[in-house]
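Undergrad: Sequence and predicted structure below; questions after.
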Amino acid sequence: MKRLVLSLCLLFSGFVFSQNITWQNVTLN
């Protein structure tokens, strides 16, 4: 159970991180 929550947190943070990168690229360009 704890492993599932941990993987979900990793997936979510990775998604937010990639969204943040694309957003910064769009704003810079």
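TA: Here it is on my side, so go on.
Undergrad: And the helices in the chain?
TA: Per DSSP state H, the chain carries helices over the ranges 2-28.
Undergrad: Any regions of it where pLDDT drops low?
TA: For the chain, applying pLDDT under 70 flags no range at all.
Undergrad: ok, 90 please
TA: When residues are selected by pLDDT under 90, those of the chain lie in 1, 22-29.
Undergrad: Burial check on S18, number of neighbours?
TA: Other residues within reach of S18, judged by other Cβ atoms under 10 Å, total 10. Every C-beta, even on glycine, is put in place using the N, C-alpha and C of the backbone.
Undergrad: What separation is there between it and N25?
TA: 11 Å (Cβ to Cβ, to the nearest Å).
Undergrad: Next: V16.
TA: For V16 relative to N25 (Cβ to Cβ), the value is 15 Å.
Undergrad: swap in G14?
TA: 17 Å.
Undergrad: next one: L6
TA: 29 Å.
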